[in-house]
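Participant: sequence isn't available, so here's the structure alone:
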């Protein structure tokens, strides 16, 4: 019996030792870690091939608006989306094509409005981006989240996704981002460093995929009472088995 108790005490001690392997230096943001990431001002997102937009119009020509809205509106009263094709254009009912890839949302509104005003002088256009999301890929949380404002920061993105740092390796965070020429780039950086602020990694863009690798020490991480109880289940089961079946 005493050997079993010694074994249990040993297991608890080892568990407590490993549970503290993840230090605050591994999980805290905005530390004074010199990475010298180049400063980069915020720039508006420019639409790419494959992006989707919605388009709403207003005009004194009620028949045109009603007809256009009938085409746009689904049975759930959701605006129809238009995909930007390989030739950089979208196809709009009654008005033809508009080349908008490489332009911001505001610039795209002006381009589409000019095309429509060739037929209807007082038409006004409102364009929004339909696939305006960023994506989190991590060990304990994965999903798509809306970019609800233009200058969304990576810290705000983490808050929206309710992402925690305990299981993540913040030294090797990656952003998979599509560039304006259509190519895909992978940018890796140390999210712990305060040098991230105002760098190219600071602002989240639509369609960004943020990847968090797993911290190598997270296997032994005990972050709550429930996880501690779960961790201790195995030695406790062994103790119970020894008492009942082996008569120690």
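Facilitator: Noted; the coordinates are in hand. Quantities reported herein were computed from a predicted structural model and do not represent experimental measurements.
Participant: residues contacting the closest residue to residue 32 other than its chain neighbours?
Facilitator: Nearest residue to residue 32 in three dimensions, chain neighbours excluded: residue 194, at 6.2 Å (Cβ to Cβ, 6 or more residues apart in numbering). Every residue, glycine included, has its C-beta placed from N, CA and C. By Cβ atoms under 8 Å, 6 or more residues apart in numbering, the contact list for residue 194 reads 30-33.
Participant: tell me the secondary structure for the closest residue to residue 104 other than its chain neighbours?
Facilitator: Excluding the flanking residues, the one nearest residue 104 by Cβ to Cβ, 6+ apart is residue 44, at 4.4 Å. Secondary structure assignment for residue 44 (DSSP: H, G, I helix; E, B strand; the rest coil): coil.
Participant: repeat that for residue 177.
Facilitator: Per three-state DSSP, residue 177 ends up strand.
Participant: domains of the protein: list them as residue ranges, please.
Facilitator: Under the assignment automatic domain parsing, the domains of the chain span 27-43+132-220, 52-129.
Participant: now those domains as TSV including mean pLDDT?
Facilitator: Putting the domains of the chain into TSV (pLDDT from 0 to 100) gives the following:
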stretch	mean pLDDT
domain 27-43+132-220	88
domain 52-129	88
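Participant: quick one, strands of this protein?
Facilitator: 52-58, 82-83, 89-92, 96-99, 124-129, 133-137, 142-146, 173-178, 184-189, 209-211 (DSSP state E).
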